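Participant: Predicted structure and sequence below. I'll ask about it afterward.
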Amino acid sequence: MAEAAALSVILPVLNERRRIGLRLDELARMPGVDEVFVVDGGSDDGSAEFAQRHPLVVNGRGRLLRCEAGRARQMNLGARAASGQVLLFLHADTELPANAASWVQTAFADPEVVFGAFRTWTIDDQSQRRAIWLRLADLRSRYARVPYGDQALFVRREAFFAVGGYPDQPLMEDTELCLRLHKLGKLCRLPCQVRVSGRRFLAHPLRDTVLVNVFPLLYRLGVSPARLKQIYHDVR
């Protein structure tokens, strides 16, 4: 049996003090995660300081990095620091399944697979239930050939750098990365799910449900990331 490829998890954060502890606790318990990089984009709520004190970082399995705000910039910095052959990019409001690393290794058992993503299960943070808007928000994760960042994208390290990593743009950086990776090999859409906070959709349910399904099409038709950003509001 082939040896499992080392897995590095990159976690970009900006003012996520309430969630960063949950993610680090989960990753600390997860078998198959070799290293974790928390990349802070200039938080002013204590996120970076909390991460620095977390046992995962104190014990050397994790590391805190700092850079200018910008999710693409933060994830690229984490990827450059990582040593794993597989990179997994995790948002602070996304909870991986306990056996996530095993699923990732299974995906890469196929040598033609270059990158992959999980399905999403979006929930209300307070009730832990799913309103109709949250169910609609998850539909794209079942059919999209261009997954979003909240699906916990994972990619072979050499492929990530071969396409230049994440483009430094204000929005749709995950879409652009996936479009480039498709030219190198196959996407694996895993049948298991990550749990995603519904804070964005519940704040603007109709608007954001439409946007997340329409934005990729608009982007591929040539609408600039800067223009799309003007009509998008990031809710934390």
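Facilitator: That came through fine.

Participant: Now do the strands in the chain.
Facilitator: Here the chain has its strands, by DSSP state E, at 7-13, 35-40, 62-66, 86-89, 94-95, 113-123, 154-156, 186-197.

Participant: In TSV, list the ones you listed along with distance to Met172 and mean neighbour count.
Facilitator: (Glycine included, C-beta is placed from N, CA and C.) As requested, those are exported to TSV (distance: least, C-beta to C-beta, whole Å; neighbours: other C-beta atoms under 10 Å):
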stretch	distance to Met172	mean neighbour count
strand 7-13	16	26
strand 35-40	19	25
strand 62-66	24	18
strand 86-89	15	25
strand 94-95	18	21
strand 113-123	15	23
strand 154-156	17	25
strand 186-197	17	18
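
Participant: Let me see the contact set for the residue nearest to Pro167 when sequence neighbours are not counted.
Facilitator: Spatial nearest neighbour of Pro167, excluding adjacent residues (C-beta to C-beta, 6 or more residues apart in numbering): Glu176 at 4.9 Å. Neighbouring residues of Glu176 by C-beta atoms under 8 Å, 6 or more residues apart in numbering: 166-167, 169, 219.

Participant: which of those tops the neighbour count?
Facilitator: Tyr166 (24 neighbours; other C-beta atoms under 10 Å).

Participant: would you list the strands of the chain in JSON lines and tack on mean pLDDT and distance to Leu56?
Facilitator: Shown next, in JSON lines, are the strands of the chain (pLDDT from 0 to 100; distance: least, C-beta to C-beta, whole Å):
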{"stretch": "strand 7-13", "mean pLDDT": "98", "distance to Leu56": "10"}
{"stretch": "strand 35-40", "mean pLDDT": "98", "distance to Leu56": "6"}
{"stretch": "strand 62-66", "mean pLDDT": "98", "distance to Leu56": "4"}
{"stretch": "strand 86-89", "mean pLDDT": "98", "distance to Leu56": "15"}
{"stretch": "strand 94-95", "mean pLDDT": "94", "distance to Leu56": "16"}
{"stretch": "strand 113-123", "mean pLDDT": "91", "distance to Leu56": "21"}
{"stretch": "strand 154-156", "mean pLDDT": "98", "distance to Leu56": "19"}
{"stretch": "strand 186-197", "mean pLDDT": "92", "distance to Leu56": "19"}
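
Participant: can you list those strands in CSV and add distance to Gly78?
Facilitator: CSV is the format used below for the strands of the chain (distance: least, C-beta to C-beta, whole Å):
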stretch, distance to Gly78
strand 7-13, 3
strand 35-40, 4
strand 62-66, 6
strand 86-89, 8
strand 94-95, 15
strand 113-123, 16
strand 154-156, 13
strand 186-197, 18
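
Participant: ok, and the helix or strand in this structure with the lowest average confidence?
Facilitator: helix 132-138 (a mean of 57; mean pLDDT, DSSP states H and E).
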